[in-house]
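Trainee: predicted model and sequence below, questions to follow.
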Amino acid sequence: KAGVTQTPRYLIKTRGQQVTLSCSPISGHRSVSWYQQTPGQGLQFLFEYFSETQRNKGNFPGRFSGRQFSNSRSEMNVSTLELGDSALYLCASSLVSGGETQYFGPGTRLLVL
Amino acid sequence: KNEVEQSPQNLTAQEGEFITINCSYSVGISALHWLQQHPGGGIVSLFMLSSGKKKHGRLIATINIQEKHSSLHITASHPRDSAVYICAVKPAGQFYFGTGTSLTVIP
């Protein structure tokens, strides 16, 4: 089976812009979770989607949003980018919502200038 | 307050040394995870533990649920073990992660 894929892998944006990141889970996996990783804060949970519904949400402002499509692919959107949004954004898929075993994608590295 | 604390933050070892990374957590959990992240970002799940000990090759993970503590051991370390090791717990709904231990193994 193909692993979790994320596009794009690298992205440079300027403050105030918005960005959309994409994640394709492993075939058959219906849950997709998103994480932000920064040197200062480490890995932090953003949100989880299952069957096109947001199931859990971390402590991030409303500028961070996501959605999931019927084929389980997920997108994450960040509006009004700030310098502090520069990070590695990782998605992970699992078979079920709340699944303990997650499979991570390679990540999208976002740089906000 | 961090739900998950890891130590040490950085670790340098000579090839062949025995390595221990520690993780303490403050929340009730059903399982604890050890993850490995190589340069470039990709994360691989090493272990999921709910009790006792698990072994995979040269890696051993232990957990003491009563003391809320887990350790990851690497026997006969090798330069390819150089990576960031992260422990994670999932009390309810979402994962909480330790800040990671950056391991460098020198030939």
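Mentor: It's in.

Trainee: alpha carbons only for contacts and neighbour counts from here, please
Mentor: Fine.

Trainee: which residues touch the nearest residue to B:Ser7 once chain neighbours are set aside?
Mentor: Of all residues not flanking B:Ser7 in the chain, B:Asn22 sits nearest, at 5.3 Å (Cα to Cα, 6 or more residues apart in numbering or on different chains). Contact analysis of B:Asn22 by Cα atoms under 8 Å, 6 or more residues apart in numbering or on different chains lists B:6-8, B:69-72.

Trainee: so how far is B:Ala13 from B:Asn22?
Mentor: Distance of B:Asn22 to B:Ala13, given as Cα to Cα, to the nearest Å: 16 Å.

Trainee: now the two most distant members of the contacts of B:Asn22.
Mentor: Maximum pairwise distance among the contacts of B:Asn22 (Cα to Cα): 14.0 Å, between B:Pro8 and B:His69.

Trainee: need the residues of chain B near chain A, please.
Mentor: By the rule Cα under 8 Å from any Cα of the partner chain, the part of chain B lying against chain A is B:31, B:40-45, B:48, B:90, B:93-100.

Trainee: out of those residues, which sit inside strands?
Mentor: If you go by DSSP state E, those have B:43-45, B:48, B:90, B:94-97 in strands.

Trainee: so which of those is surrounded by the most neighbours?
Mentor: Neighbour tally across these (other Cα atoms under 10 Å in any protein chain shown): the maximum, 25 neighbours, falls on B:Phe97.

Trainee: quick one: contacts of stretch B:55-69?
Mentor: For stretch B:55-69, the surrounding residues in contact (Cα under 8 Å, 6+ apart) are B:22-26, B:47, B:49-54, B:70-77.

Trainee: can we see that at 7 Å?
Mentor: B:23-26, B:49, B:51-54, B:70-75 (Cα atoms under 7 Å, 6 or more residues apart in numbering or on different chains).

Trainee: quick one: average pLDDT of that stretch?
Mentor: The average pLDDT for stretch B:55-69 rounds to 95.

Trainee: kindly report the same for stretch B:78-93.
Mentor: Computed over stretch B:78-93, the mean pLDDT rounds to 91.

Trainee: keeping just the C-alphas, turn the one helix or strand the residue nearest to B:Ser7 maps to into PDB.
Mentor: Using DSSP states H and E, B:Asn22 falls within strand B:19-25. C-alpha atoms of strand B:19-25 as PDB (Å, rounded to 0.1, in the frame of the first residue of the first chain):
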ATOM      1  CA  ILE B  19      21.200   4.400  25.400                       C
ATOM      2  CA  THR B  20      18.300   5.300  27.600                       C
ATOM      3  CA  ILE B  21      15.700   8.000  26.900                       C
ATOM      4  CA  ASN B  22      13.100   8.700  29.600                       C
ATOM      5  CA  CYS B  23       9.500   9.900  29.400                       C
ATOM      6  CA  SER B  24       7.100  10.900  32.200                       C
ATOM      7  CA  TYR B  25       3.500  11.800  31.800                       C
END
